[in-house]
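> A structural model of the following input is requested.
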Amino acid sequence: MKEAIAKAGALIEAMAYIRKFLGRIVVVKLGGSILDDIALQKELLADVAFMSTVGIRPIIVHGGGKAITRAMNDAGLEATWVQGRRYTDERTLTIAEHTLVHKVNTPICQMLEEMGCETMALHSLSSCVMFAEPLRLDGPDGRKLDLGKVGKVTSVNAQLLKKLCDAGTIPVIASVAKDKTGGKLNVNADTAAGKVAAEVKAEKLVVVSDTHGIRMDINDPDSWISSLNEKQIKEMIEAGIITDAMFPKVEACMTALEAGVEKAHIIDGRIPHSLLLEIYTDKGIGTQIIKN
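Got it, this is the predicted structure:
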């Protein structure tokens, strides 16, 4: 009886959030080892299906870095890294594109459709909604460093995405973009998700990965922070607390907030129903980032 009462209480708590987000767009970025664990992936996509069922309009943006690395190893290619980013030549891009589309995007769409959702696969081998320019990094000597076929998203076909959402279809976007000449560029999925959320004026951006929310000390789980504002984030970046893999996730959140997205979240997708807990409960389970 107590368990049943607790479930009823959770539904009542969720009701206010369901009403608030009815018809609103929520961009969900999927990445990390979550994409390697089919059971975990199904649990997360069940949360996305629930969101769609109760009237939220989810958009999924996904990466696939670990799967790409495995595919490159299978092809006998060794990755070259430039300031923590994978250098991408034509052959690497072909492998990345094939992996992102056929090994990640297609299964996500299939799982959601098995749950009763309508999806639209959006990638460089079908309808591409992201457009980019080549990304160049600042080198130590002041010169720009070439990353090959790596891009920075400059614009998004927000009109198409909004129309799909209005029709109850879940867009599933792979992190390969087109450039102005029709060529293809591999893009960082976190950064891409931030740009998508910004362009469609989403209600929320939720970055789901195998990383915890933000901690003051990365090695201390008890130092997890539930909520931060832009000013605090900038201070933590300057202090060297937010670095490495966490930085592009935080950067994506800041991009979304600067464009008018109300809140951005970084959550650990390995926790059961973390996506629903973050959106539909008062406390949440990851780190939310809000404007000042």
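
> can you list contacts of the lengthiest helix in the chain?
Ranked by number of residues, the top helix in the chain under DSSP state H is helix 2-21. Helix 2-21 is contacted by residues Val54, Gly55, Ile56, Glu203, Lys204, Leu276, Ile279, Tyr280, Thr281, Asp282 when judged by CB atoms under 8 Å, 6 or more residues apart in numbering. Heads up, the C-betas are built off the backbone N, CA and C, glycines and all.

> list the buried ones in that helix?
Across helix 2-21, burial judged by 16 or more other CB atoms under 10 Å covers Ala14, Tyr17, Ile18, Phe21.

> just these: which has the poorest pLDDT?
pLDDT across those is lowest for Ala14, at 76.

> quick one: that one from Asp220, how far?
Separation of Ala14 from Asp220 (CB to CB, to the nearest Å): 31 Å.

> same thing with Lys20?
34 Å.

> quick one: contacts for the closest residue to Ala259 other than its chain neighbours?
By the measure of CB to CB, 6 or more residues apart in numbering, the closest residue to Ala259 outside its immediate chain neighbours is Ala198, 3.3 Å from it. Counting by CB under 8 Å, 6+ apart, Ala198 makes contact with Thr255, Ala256, Glu258, Ala259, Gly260, Val261.

> for the closest residue in space to Gly284 that isn't next to it in sequence, what are its contacts?
Nearest in space to Gly284, with sequence neighbours left out and distances taken as CB to CB, 6+ apart, is Glu278 at 4.7 Å. Glu278 makes contact with Val206, His265, Ile267, Gly284, Ile285, Gly286, Gln288, according to CB under 8 Å, 6+ apart.

> cutoff 6 Å now
Glu278 makes contact with His265, Ile267, Gly284, Ile285, Gly286, according to CB atoms under 6 Å, 6 or more residues apart in numbering.

> tell me the SS of the second one?
Meaning Ile267. strand (DSSP: H, G, I helix; E, B strand; the rest coil).

> thanks again, I'm all set now.
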